[in-house]
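J.: Provided below are the primary sequence and the corresponding predicted coordinates.
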Protein chains: 2
Amino acid sequence: MTSSTQRSARGHRGDLFDPQCPTRRLLDRIGTKWTSMVIKVLAEASTEEVRFAQLQRRMPGVSQKMLSVTLRGLTRDGLVDRRVEASVPPRVYYRLTPLGLTLEEPLARIREWAEEHMAEVDRANRRSDERTTDS
Amino acid sequence: MTSSTQRSARGHRGDLFDPQCPTRRLLDRIGTKWTSMVIKVLAEASTEEVRFAQLQRRMPGVSQKMLSVTLRGLTRDGLVDRRVEASVPPRVYYRLTPLGLTLEEPLARIREWAEEHMAEVDRANRRSDERTTDS
DNA sequence: CGGCATCCCCCGGGATACTG
DNA sequence: CAGTATCCCGGGGGATGCCG
């Protein structure tokens, strides 16, 4: 991480953005609720396009709004490809770009770590809870 | 930080969809602003302990509050080890636990991706902007 | 020195309703 | 069917201030 977040001691408006720390920005992205799930679902579809409604069906709990917002962001970022079929009713297809596909890799590592270790994290949490709960 | 007093989730590997999903929770964690930076700095210190003030110095921009909150969370999670030296003034030392150390790996992959590809993401963003801003 | 507590602002993101 | 526009709430997180 190479930031160096400098800002005047008093600017209360959120300007003076973090002068690009790439890692920070990437974490913000994949940290947003639905981003990594979209990438995973699209990665599972391989190179096949997936329609909006299909995506939504494969992502229980996502609202239309958030799926839409998430996809727009990923499209802007060049990670997702969007194709509109001008029919009635309209159909919109999505798939990962080559760039997006390369992100699946590190994300998979994160997923693996979670599956493998989060149980232990839970145990650690319970241990802490006990210590504070007793007294 | 999530206040997880929740219990396990056995998983089929696919349930990134479970709100209780380990991956979701991990992403929430590492998505919070300072978590991954703390892990990186502590990882760089290897097994050596690092004092609070040292950490803060190595993380430009972090407030005392947020560093404190972040460290408490990581300690609860069993990723960071905390040792208090009851002197006057008091000294508090931190280092990664073995568990925390294993998280450095996947985080490094994420960092690498960011360093390697965020420039391309920026280009994609600029291209989108032109299309909407053009006139 | 380390780290609680307090105040407060901002924005992610859910629910709902409306257009093409 | 896909996407946009409103409204609204909770919580992340910055800026103090105080205490062991």
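T.: Happy to help now that I have it.
J.: tell me what whichever strand or helix holds residue A:101 is packed against?
T.: Using DSSP states H and E, the element containing residue A:101 is helix A:98-133. If contacts are counted by 3 or more CB pairs under 8 Å, 6 or more residues apart in numbering or on different chains; DSSP states H and E, helix A:98-133 sits against helix A:35-44, helix B:22-31, helix B:64-76, helix B:98-133. Every C-beta, even on glycine, is put in place using the N, C-alpha and C of the backbone.
J.: out of those helices, which gets nearest to residue A:91?
T.: Proximity to residue A:91 (CB to CB) singles out helix A:35-44 among these, at 16.3 Å.
J.: what residues sit buried inside that closest one?
T.: If you call a residue buried by 16 or more other CB atoms under 10 Å in any protein chain shown, then helix A:35-44 has these buried ones: A:35-43.
J.: that one and chain B, any residue contact?
T.: Yes: in terms of CB under 8 Å from any CB of the partner chain, part of helix A:35-44 sits within range of chain B, namely A:36-37, A:40.
J.: so that helix, near DNA strand D or not?
T.: No: against DNA strand D, helix A:35-44 shows no contacts by CB under 7 Å from any atom of the strand, the least distance being 11.6 Å.
J.: restricting to C-alpha, output that helix in PDB.
T.: Presented in PDB, the C-alpha positions along helix A:35-44 are these (Å, rounded to 0.1, in the frame of the first residue of the first chain):
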ATOM      1  CA  THR A  35     -19.400  -7.000  -6.300                       C
ATOM      2  CA  SER A  36     -17.500 -10.200  -5.600                       C
ATOM      3  CA  MET A  37     -20.600 -12.300  -5.800                       C
ATOM      4  CA  VAL A  38     -21.300 -10.900  -9.300                       C
ATOM      5  CA  ILE A  39     -17.800 -11.700 -10.300                       C
ATOM      6  CA  LYS A  40     -18.000 -15.200  -9.000                       C
ATOM      7  CA  VAL A  41     -21.300 -15.900 -10.700                       C
ATOM      8  CA  LEU A  42     -20.100 -14.500 -14.000                       C
ATOM      9  CA  ALA A  43     -16.900 -16.500 -13.700                       C
ATOM     10  CA  GLU A  44     -18.800 -19.700 -13.200                       C
END
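J.: contacts for the following helix or strand past it?
T.: Downstream of helix A:35-44, the first helix or strand assigned by DSSP H and E is strand A:50-51. Strand A:50-51 is contacted by residues A:41-42, A:58, A:91-95 when judged by CB atoms under 8 Å, 6 or more residues apart in numbering or on different chains.
J.: export the helices and strands packed on helix A:98-133 to CSV and tack on distance to DNA strand C and mean pLDDT?
T.: Below are these laid out as CSV (distance: least, CB to the nearest atom of the strand, whole Å; pLDDT from 0 to 100):
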stretch, distance to DNA strand C, mean pLDDT
helix A:35-44, 8, 96
helix B:22-31, 8, 93
helix B:64-76, 4, 96
helix B:98-133, 15, 92
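J.: kindly reformat those as a markdown table containing distance to residue A:26.
T.: Listed next are the helices and strands packed on helix A:98-133 as a markdown table, based on distance: least, CB to CB, whole Å:
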| stretch | distance to residue A:26 |
| --- | --- |
| helix A:35-44 | 10 |
| helix B:22-31 | 10 |
| helix B:64-76 | 18 |
| helix B:98-133 | 4 |
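J.: alright, I will stop here.
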